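Asks: Okay, structure incoming, though there's no sequence with it:
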Ligand SMILES: [Zn+2]
């Protein structure tokens, strides 16, 4: 139940509201009961002939009122504490974002150098938020890892973002299609030269994915190749989400492809080929 409530903000809000209302109603009932008792005490006192008894009754009523008052204060404090505790249990908002391309051509220098946002004097518009600038921010938010699985990678700003993460010691794994590593402007060589681990898919079909997982928690996926044409000219889409049910399968698929395309695997298979040839020759 607690897991369900944590996963569903709407359900958590309803639970909190119900609990708040229940406690308030209980407090009202209790106060009403106590008031009746106090009023009943008045009638008893009026019916008694002896003034001493009346004084005792009045004293009792005063104490009853004090106890009721203290009880209400305690109840109010308990209620506040309960509400505070339940609010702490409420899950945070899960990030979900959709971006569409082509993206307007603007300067993104300030995203790479946030400490000096007015340092660029190029002719492009500055300080404009676009789909591309939002994508860059999401990628640059990585603090521990970036797993990138992309068919074509030639966008220099995206390459700069990956290199910036590499210089911050973020663990980066890049998986790409072997036929597209050598296209004009491909940045795969630049990444490799910088010491970033890149593996090429060796299957007979295209490795046509375009997704990235940031810090094992944020998924960036959609139709967008990491190329200048895709960003500036094509109609593309990107979904950015922290939904664990969506992120998890992509992590699993990346790990599967990463292991399947381990160069050590196909080096072993190449090593085996001469052995087979020798065996046949000997036959
Ligand atoms: Zn600029």
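Replies: Received the coordinates, thanks. Not measured: the values here are computed from a predicted model.

Asks: who in the stretch 51-200 of the chain is up against the ion?
Replies: Residues of the stretch 51-200 of the chain lying close to the ion (C-beta under 5 Å from the ion) are 107, 109, 120, 122. In short, each C-beta sits where N, CA and C put it, glycine included.

Asks: run the last query once more with 8 Å
Replies: Residues of the stretch 51-200 of the chain found near the ion (C-beta under 8 Å from the ion) are 107, 108, 109, 110, 120, 121, 122, 123, 124, 126.

Asks: Which residue in the residues you listed has the weakest pLDDT?
Replies: Among those, residue 120 has the lowest pLDDT, at 83.

Asks: quick check, that one in a strand?
Replies: No - with DSSP: H, G, I helix; E, B strand; the rest coil as the criterion, residue 120 is assigned coil and is not in a strand.

Asks: I'd say it and residue 110 touch.
Replies: Yes - under the criterion of C-beta atoms under 8 Å, residue 120 makes contact with residue 110 at 7.0 Å.

Asks: Pick out whichever of these two has more residues nearby.
Replies: Counted by other C-beta atoms under 10 Å, residue 120 and residue 110 do not tie: residue 110 has more neighbours, with 17 against 14.

Asks: which SS state does residue 200 fall under?
Replies: strand.

Asks: how about it, what does it touch?
Replies: Listed by C-beta atoms under 8 Å, 6 or more residues apart in numbering, the contact set of residue 200 reads 175, 176, 177, 178, 181, 207, 261.

Asks: let's see 10 Å
Replies: Applying C-beta atoms under 10 Å, 6 or more residues apart in numbering to residue 200 gives the contacts 174, 175, 176, 177, 178, 179, 180, 181, 188, 207, 261, 263.

Asks: returning to that earlier point: shared neighbours, residue 120 and residue 110?
Replies: Residues touching both residue 120 and residue 110 (C-beta under 10 Å, 6+ apart): residue 126.

Asks: Now do the phi/psi pair for residue 237.
Replies: phi -140, psi 160 (degrees, to the nearest 10).

Asks: Please report how far it lies from residue 108.
Replies: 20 Å (C-beta to C-beta, to the nearest Å).

Asks: Please apply the same query to residue 253.
Replies: To residue 108, residue 253 is 30 Å away according to C-beta to C-beta.

Asks: Have a look at those two and say which one is more surrounded.
Replies: Ranked by neighbour count (other C-beta under 10 Å), residue 253 and residue 108 place residue 108 first, with 21 against 14.

Asks: Which parts of the stretch 151-283 of the chain are strands?
Replies: 171-177, 197-201, 210-214, 218-222, 236-241 (DSSP state E, counting those that start in this stretch).

Asks: Having no further points to raise, I will conclude here.
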